[in-house]
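Trainee: okay, predicted coordinates and the sequence, questions at the end:
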Amino acid sequence: MEHFLNVGRIPFLVCAPFFHRFLDNPLPKVHFLDGTPSEQNKRLRDGQVMLSPSSSIEYAKNRENYVICNRFCTSSTLEIRSVKLFSKYKWENLGGKTVYLTEQSDTSVALLKLLSSLRFKVEPIWETEFKTCDAKLLIGDNALREAANQWEFQYDLASVWQEWQNLPFVFGLWIIRKEASGRGSLLENYLNETEISLREFKENRWECLQKWEKYYPHGLPQNLAYDYYNAIDYGFTAEHEKSLKTFYKLCKMPTDIVFL
């Protein structure tokens, strides 16, 4: 039986380094399914994709089905810029105030609730309908665009975590379903090609971004899009593993991690 590899692709700028290489040069037997992080979480759970950059909390929720690729992740040692709380009030004054939660990312929502409860000791009123609220959590390109608007306070969640725990925060992991091991050489080749994609992006950011823009227009000024990557770390180190386990522990979830 001939195997194919279904891969979840997130069409946000943050994931451009992972995928730009394959836009003009498709890989044989690799199929991409586009969607937000939360959509890719569901596809992973349902077995629609074998691997995807996905919300880090998805692994802890369904770890019996997954392993993690520790070659790369999506994190930041300072600010991530694309995961932000926009607020009319200081965070410590959001108790009883309405806060909109994006449905695009499970990890960002979990982190926001964790920081509110344990770091700032407040209990806002969480809203999932996009309406007039006292604050709102946005991710990805939406957060980058919203940053240009007038808000009394803007909080970068990666920066807040770093100040609190002195660790980089891991927003996205490459999660792999365990049965993908049956696609051994195909999977290994894809991961190798992804490492090349990351390296090419680092070496020629302008050209890679221009190609990405043709397929996934983001509407941001070119300089802003270019500089955005200065804040992102795609490596996976012992510090990232420690941060993941700390996050899981604070969320009262299992902290054991299995790598590919």
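Mentor: The structure has been received and is ready for your questions. Predicted, not measured: the structure shown is a model, and the values here were computed from it. Numbering: from 1, shown residues only.

Trainee: alpha carbons only for contacts and neighbour counts from here, please
Mentor: Noted.

Trainee: so which residues of the stretch 1-150 of the chain form strands?
Mentor: Assigned by DSSP state E, counting those that start in this stretch, the stretch 1-150 of the chain shows strands spanning 5-9, 30-34, 51-55, 66-76, 83-87, 98-101, 125-127, 135-139.

Trainee: residue 159: which of the ones you listed is closest?
Mentor: Evaluated with CA to CA, the strands of the stretch 1-150 of the chain place strand 66-76 nearest to residue 159, the distance being 8.2 Å.

Trainee: packing partners for the closest one?
Mentor: Contacting strand 66-76 under the criterion 3 or more CA pairs under 8 Å, 6 or more residues apart in numbering; DSSP states H and E are the following elements: helix 56-61, strand 169-177.

Trainee: cutoff 7 Å now
Mentor: Applying 3 or more CA pairs under 7 Å, 6 or more residues apart in numbering; DSSP states H and E, one finds that strand 66-76 contacts strand 169-177.

Trainee: now stretch 14-29: buried residues?
Mentor: With burial defined by 16 or more other CA atoms under 10 Å, the residues of stretch 14-29 counted as buried are 14-21, 27.

Trainee: give me the contact list for it.
Mentor: 4-5, 140, 194, 197-198, 201, 208, 212 (CA atoms under 7 Å, 6 or more residues apart in numbering).

Trainee: just for this structure, where's the confidence low?
Mentor: Counting by pLDDT under 70, the ranges of the chain that qualify are 1-2.

Trainee: who's in contact with the nearest residue to residue 7 once chain neighbours are set aside?
Mentor: Nearest non-adjacent residue to residue 7, counting by CA to CA, 6 or more residues apart in numbering: residue 32, 4.9 Å away. Going by CA under 7 Å, 6+ apart, residue 32 touches 6-9.

Trainee: repeat for residue 85
Mentor: Neighbouring residues of residue 85 by CA under 7 Å, 6+ apart: 135-138, 154-156.

Trainee: farthest pair in these?
Mentor: 135 and 156 (13.2 Å).

Trainee: between the two, point out the one with more neighbours.
Mentor: Neighbours per residue (other CA atoms under 10 Å) separate residue 135 from residue 156, with residue 135 holding more: 26 against 17.

Trainee: what residues are up against the more buried one?
Mentor: By CA under 7 Å, 6+ apart, the contact set of residue 135 is 85-88, 98-100.

Trainee: quick one: the helices in this structure, in order.
Mentor: Applying DSSP state H to the chain gives helices spanning 16-19, 37-46, 56-61, 106-114, 140-146, 157-165, 184-203, 205-215, 222-228, 238-250.

Trainee: so what does the longest one touch, helix or strand wise?
Mentor: It stands for helix 184-203. Against helix 184-203 (3+ CA pairs under 7 Å, 6+ apart) you get helix 16-19.

Trainee: hmm, residue 232 and residue 80 touching each other?
Mentor: Yes. Using CA atoms under 7 Å, residue 80 makes contact with residue 232 at a distance of 6.0 Å.
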